[in-house]
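Asker: Take this sequence and fold it.
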Amino acid sequence: MPSRFHIALRALRALARTPALLNAVLAADAGAWQARALAHAGRWPGLGPGGLPRVPLAHFVPAAAPAAARTVAPFAFGNGGSLPTDLLLLRALARQRPGCRYFEIGTWRGESAANVAAEAATVHTLNLSAAEMRALGLPERYINLHGFFSRAHANVVHLHGNSATYDLAALHCAAGPFGVVFIDGDHRYEAVRRDTARVFEHLVGPETVVVWHDASQQPGQPRWEVLAGLLAGLPPGLPGQLAQVSNTLCALYAPGGLPLQEADPLADPTEFTVEVAWTL
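Answerer: Next up, the predicted model:
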């Protein structure tokens, strides 16, 4: 009987001879995550093969909103970041909550923290420490870029540690629940499940809104591993609503009042006007 090692070697040789087979492997993997996510459909109305029901971005950022409410700054157009619409959503959620306390997992260049800092009273952003990133063999330049945009903001608190073990309860005890929580750390299933469970255990109050980044591959195209993870991490008995926010990569949990729509990948597109300016 061939060993697992030899079976794996044969599989790799097959992929080398026929690279298109990789697409089939990835599709099967996505199908497995989709099945795990849809196992929660009985609990969340509207969850189906197209993903979560949609809530229009315009529900949070109306077209007639003042220019400042429709502006994202800073924005780097760099790899691994958010869409401008993701940041508009976060800014709007903070703006709607006077004195908002905002918390996020995953700092990266600090674009989300810096954007929300203009709207929230306090911003807490948690990321692995420089020492932890060095232990993972990450380049020094990459490490130094973390918090590039957010360091200059006096109301941004940079926390360092692993979201799997960081003392989140102490943050809650300090000043009560957060108004907005943004989960944008490790996007693998187990990490999303764990971060979701810990956030809801320690940081979420009756009025807290929770946002997950990269819950879509592209707007309207579910990222099933992330959806499966967040659905598995949500505690039972939540009274609120769960939705994908249109034109973003974000999923969102809110206490209620969302105008949900059925997921429709062929819906009429929303027309945006984009003006770009930059600092030299």
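Asker: how about the helices of the stretch 1-150 of the chain, start to end?
Answerer: 4-17, 21-38, 84-95, 111-117, 130-135, 140-144 (DSSP state H, counting those that start in this stretch).
Asker: how about the fifth one: buried residues?
Answerer: Judged by neighbour count (16 or more other Cβ atoms under 10 Å), helix 130-135 contains these buried residues: Met133. Every C-beta, even on glycine, is put in place using the N, C-alpha and C of the backbone.
Asker: Flag whichever of the helices of the stretch 1-150 of the chain has the least confidence on average.
Answerer: Ranked by mean pLDDT, those bottom out at helix 4-17, with a mean of 46.
Asker: how close does Gln241 sit to Gly50?
Answerer: Applying Cβ to Cβ, to the nearest Å, the value for Gln241 to Gly50 is 17 Å.
Asker: Neighbour count for those two, which is higher?
Answerer: Neighbour count, other Cβ atoms under 10 Å: between Gln241 and Gly50, Gln241 has more, with 20 against 16.
Asker: The closest residue in space to the more buried one that isn't next to it in sequence: what's it in contact with?
Answerer: Distances taken as Cβ to Cβ, 6 or more residues apart in numbering place Leu258 nearest to Gln241, at 4.7 Å, with adjacent residues excluded. By Cβ atoms under 8 Å, 6 or more residues apart in numbering, the contact set of Leu258 is 55, 59, 241, 243, 252.
Asker: Tell me what the nearest residue to the first one once chain neighbours are set aside is bridged to.
Answerer: Same thing as Val55. Nearest residue to Val55, sequence neighbours excluded (Cβ to Cβ, 6+ apart): Ala243, at 4.3 Å. Beta-bridge pairing of Ala243 under DSSP bridges involves Leu252.
Asker: And the pLDDT at Ala243?
Answerer: On the pLDDT scale, Ala243 gets 98.
Asker: so it makes contact with Leu57?
Answerer: No - using Cβ atoms under 8 Å, Ala243 is not in contact with Leu57, being 11.1 Å away.
Asker: if you count what's nearby, which of these two comes out ahead?
Answerer: Ala243 (26 against 22).
Asker: Roughly how far does the more buried one sit from Arg188?
Answerer: For Ala243, the distance to Arg188 - Cβ to Cβ - is 23 Å.
Asker: Was I right to think Glu104 contacts Asn127?
Answerer: No - using Cβ under 8 Å, Glu104 is not in contact with Asn127; the gap is 9.0 Å.
Asker: Same drill for those two, tell me which one is more crowded.
Answerer: More neighbours surround Glu104 than the other of Glu104 and Asn127, with 27 against 24 (other Cβ under 10 Å).
Asker: Any idea what that one is bridged to?
Answerer: Bridge pairing for Glu104 - DSSP bridges - gives Thr125, Phe182.
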